[in-house]
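Trainee: Okay, here's the prediction I keep looking at, along with the sequence it came from:
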Amino acid sequence: MYGEDPDSDEVAGHIGMKENDVVTSAPENPSSNSIYSNSPFSGLEDVITGYIFGKKKATEVAHSVWKNVIRKGDVLVDATCGNGYDTLAMLRLVADATRKGRVYAMDLQKVALENTYSLLDRSVDSDERELVELYAICHTKMEEIVPSGASVRLVAFNLGYLPGGDKKIITQSETTVNALKAAKRILAPGGLISIVVYVGHAGGRDEFEKVQAFASELPVDNWVCCKLQMLNRPLAPVLVLLSKK
């Protein structure tokens, strides 16, 4: 729901991704091609380099990783739709002529859902719009809206407060962890849980520590977990990626 304000260091904004943000050059060792091609983190040299040199935001890295994971027709969950930028990015990755793709997006705040509705209405045609279902519920209840047996490819979280909204309303550590547990249960093998955590507001640091603890406890046989964090910018958003084998 949160962290989409492009004018804030503390709550970094969604930046529109371009096709050339992700490169597809092969690794130097040809014998390892299959290893790289099967990884959701392959082909990210440019965007990772940009992040390292302060030219790319955590949200841009996240969206680039999504492109390597999501396929047309997939089922996705936006656990915190906020102003709708992540929802829109997901829709564009799953929409095709088959109309099988779905994005299930949720938020507790009425204004967030209204903003998401408005963004979608301005950005996509009516056929694509019908592939998104919006719900005014807590993200801990995502299992109640995703069809039983659906193969969910991505669950995305953008934590913190709603840019342009009431900064006193924030995601909470306890509910975030419970939502992560729900995401873990519905995620298909080969899927991804993507979390952008904003640590610069009250409660943000504690929430990050809880997210990090959750990720650290996932079994190595079934999960690959990593984070991208600026060491000399303590208020910069942290990207946590949990890839299910």
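Mentor: Thanks, I have the structure now. Computed from a predicted model, the values in this text were never measured in an experiment.
Trainee: Could you point out the helix or strand that follows the longest strand seen in the chain?
Mentor: Of all the elements of type strand in the chain, the one with the most residues (DSSP state E) is strand 187-197. The helix or strand immediately downstream of strand 187-197 is helix 204-216, counting by DSSP states H and E.
Trainee: related to what we said a few turns ago, what lines up beside the longest strand of the chain in the sheet?
Mentor: Taking DSSP bridges as the criterion, strand 187-197 pairs within the sheet with strand 152-158 (parallel), strand 238-244 (antiparallel).
Trainee: Out of those strands, which is closest to residue 215?
Mentor: Closest to residue 215 of those is strand 238-244 (CB to CB; 5.7 Å). Where you see a C-beta, it was placed from the backbone N, CA and C, and this is true even at glycine.
Trainee: does the spatially most central residue of the chain have beta-bridge partners, and which?
Mentor: Nearest to the mean C-alpha position of the chain, counting by CA atoms, centre = their mean, stands residue 156 at 3.1 Å. Beta-bridge partners recorded for residue 156 (DSSP bridges): residue 78, residue 194.
Trainee: quick thing: my sequence starts at 3, can you match it?
Mentor: Got it, first residue is 3 now, which makes that one residue 158.
Trainee: related to what we said a few turns ago, so for the longest strand of the chain, what gets flagged as buried?
Mentor: By neighbour count, with 16 or more other CB atoms under 10 Å as the criterion, the buried positions of strand 189-199 are 189, 193, 194, 195, 196, 197, 198, 199.
Trainee: what does stretch 134-141 give?
Mentor: So, applying 16+ other CB under 10 Å, buried residues of stretch 134-141: 134, 136, 137, 140, 141.
Trainee: now do the same end-to-end measure for stretch 141-157.
Mentor: Length of stretch 141-157, first residue to last, CA to CA, to the nearest Å: 10 Å.
Trainee: any idea how far that stretch is from the chain center?
Mentor: When C-alpha coordinates are averaged (CA atoms, centre = their mean, to the nearest Å), stretch 141-157 and its chain have centres 14 Å apart.
Trainee: got CSV for the buried residues of strand 189-199, with pLDDT and distance to residue 97 too?
Mentor: Supplementary listing: the buried residues of strand 189-199 in CSV, determined by pLDDT from 0 to 100; distance: CB to CB, whole Å:
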residue, pLDDT, distance to residue 97
189, 98, 21
193, 97, 19
194, 98, 19
195, 98, 22
196, 98, 19
197, 98, 24
198, 98, 23
199, 97, 28
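Trainee: picking that back up, make CSV from the strands paired with strand 189-199 and add distance to residue 84 to it.
Mentor: As requested, the strands paired with strand 189-199 are arranged in CSV below (distance: least, CB to CB, whole Å):
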stretch, distance to residue 84
strand 154-160, 6
strand 240-246, 16
